[in-house]
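Enquirer: sharing a sequence plus its predicted fold:
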Amino acid sequence: MGPTRNLRLIIEYVGASFAGWQVQPHARTVMGEVERAIEEIARERVRLVAASRTDAGVHALGQVASFVSTSTLPTERLRSGLNAVLPAEVVVRSVQEVPAEFHARFSARGKHYRYRILNQQVRSPLEAGRAWHVPTRLDVDAMNRAAHSLEGERAFTALATQVPADDDCVRRLHRVRVRRHEDPATAAHIVSVDVVGDSFLYKMVRTLVGTLCLVGKGKRPPEWVAELLTAGQRAQAGPTAPAHGLHLMHVFYDGDEPSLPRYLERMAREGNHHRPQHAGPRQRQGLRGAETPETGALL
């Protein structure tokens, strides 16, 4: 056996036809498809480690996976070979040799998830597998005021679907931003919820979105979200939004560009155009006013 290399893949996929990322018996998964492609092209069996074990139906533009390889194939040839045999729903965007200590999951410094809501009365077949259809018009300003309560280091017990006995549910969210826009490809009216954080609880982003939608529909006031976090009761929060609206956009690592702070700064600049008119001084400052020492952003 020759020397080994540690390789990092950036993977894009449509999650609709998969039972999630993680390999499962008798189920088609993204991890299983990529591992089979590696075995076919590199002639070796590997076990991938991923930054995020996305659920069934969840999509990714920037999933990161790593594995140790004895293959001597140049990274560009490996990438093109994998893409030649992978199914149409999956593509490897890049292959990079990284230091031996790199680990796709444990080296990650943060993640950016985007949830897409189709916010119009008429459903869109083109958006059916990419966005949650909510026909009631959402008040984006109210949702942004509520979202501000979610930024910083908090106990997110109220948004946790499953809580391990040894988990205090404390996580740090750097940025939660809601914006309305028209998708140029489909002309659909989309409300996007962008969430950047160090790490997340199981189904936390989807429950966060369902909770903000209660505010957007006028069923709860914006200040209710802060009260919800203090109470820490999952039963009081909103529904878990469907998986097909969730997209893993980017995973952050030390030494990458854009760094997490630069990403957040760009996101804050873009978000200033979407700030609620009645936001307080702290909200108008964007992430520069947040207590977190790090600050992240749109691709």
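Expert: Nice, thanks for sending it over.
Enquirer: so where do the strands sit in this protein?
Expert: 5-13, 49-50, 59-69, 90-98, 108-118, 132-133, 152-155, 170-182, 189-197, 246-253 (DSSP state E).
Enquirer: what pairs with the third one, parallel or antiparallel?
Expert: In this case it means strand 59-69. Strand 59-69 has the following sheet partners, assigned by DSSP bridges: strand 5-13 (antiparallel), strand 49-50 (antiparallel), strand 246-253 (parallel).
Enquirer: report the residue spans of this protein with pLDDT below the cut-off.
Expert: Where the chain drops to pLDDT under 70, the residues are 1-2, 271-299.
Enquirer: ok so, going back, just the strands paired with strand 59-69: most buried one?
Expert: Among these, ranked by average contacts under mean count of other CB atoms under 10 Å, first place goes to strand 246-253 (a mean of 23). Just so you know, the C-beta spots here come from the backbone N, C-alpha and C atoms, and that holds for glycine as well.
Enquirer: between that strand and strand 170-182, how big is the angle?
Expert: 130 degrees (axes from the mean of the first three to the mean of the last three CA atoms, to 10 degrees).
Enquirer: could I have strand 246-253 exported to CSV, CA atoms only?
Expert: Taking C-alpha atoms only, strand 246-253 is exported to CSV below (Å, rounded to 0.1, in the frame of the first residue of the first chain):
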residue,chain,number,x,y,z
LEU,A,246,-33.8,23.4,3.2
HIS,A,247,-30.4,23.9,1.4
LEU,A,248,-26.9,23.5,2.9
MET,A,249,-25.2,26.5,1.3
HIS,A,250,-21.7,26.6,2.7
VAL,A,251,-19.4,25.1,5.4
PHE,A,252,-16.7,27.2,6.9
TYR,A,253,-13.1,26.1,7.8
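Enquirer: what does that strand rub up against?
Expert: Contact partners of strand 246-253, identified using CB atoms under 8 Å, 6 or more residues apart in numbering, comprise 51-52, 54-55, 57-64, 102, 104, 107-116, 194, 205-206, 259-260, 263, 296, 298-299.
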